[in-house]
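Peer 1: show me the folded form of this:
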Amino acid sequence: MDPLIESLMLKMRHSRVYTAVTFARLFGVSEKAVEAALATLIASGKVRTCINARRDVGYCLSGATPVSGSPLRSDATTVATPPLTRRVDGALAGYDRQLDAHRSLAMLVRR
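Peer 2: Coordinates of the predicted model:
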């Protein structure tokens, strides 16, 4: 087996997306050599193409991701109160004292 292919398989981790440029810089070889090695891995079914954050062609390990020992945490939150509709039109009320404090502080600094 090609040593570049073995090195690629050792570096790749589940749930990570890699680009050919990343591997070319990491191993100090040309991008075409990395793409040829990745094409071999894709043909064997060990690697598949993925979409990364920059929407470039990315490569990731195929198969299921390993299950961690920690339980899955839900990101969903519940709301204990009914939804409120806030009105943002009309005059602001209740800010007079705070605006007066800011104005008096500004006048003190100005003197």
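Peer 1: can you list the low-confidence ranges for this structure?
Peer 2: Low-confidence segments of the chain, defined by pLDDT under 70: 1, 64-79.
Peer 1: show me where it has helices.
Peer 2: Assigned by DSSP state H, the helices in the chain fall at 3-11, 20-27, 31-44, 96-110.
Peer 1: format the ones you listed as CSV; extra columns: mean neighbour count.
Peer 2: C-beta here means a position set from N, CA and C on the backbone, and glycine is covered the same way. Formatted as CSV, the helices of the chain follow (neighbours: other Cβ atoms under 10 Å):
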stretch, mean neighbour count
helix 3-11, 14
helix 20-27, 16
helix 31-44, 16
helix 96-110, 9
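Peer 1: and the residue nearest to the spatial centre of the chain, how far is that from residue 61?
Peer 2: For the chain, the residue whose C-alpha lies nearest the mean C-alpha position (Cα atoms, centre = their mean) is residue 53; its distance is 7.1 Å. Per Cβ to Cβ, to the nearest Å, residue 53 is found 18 Å from residue 61.
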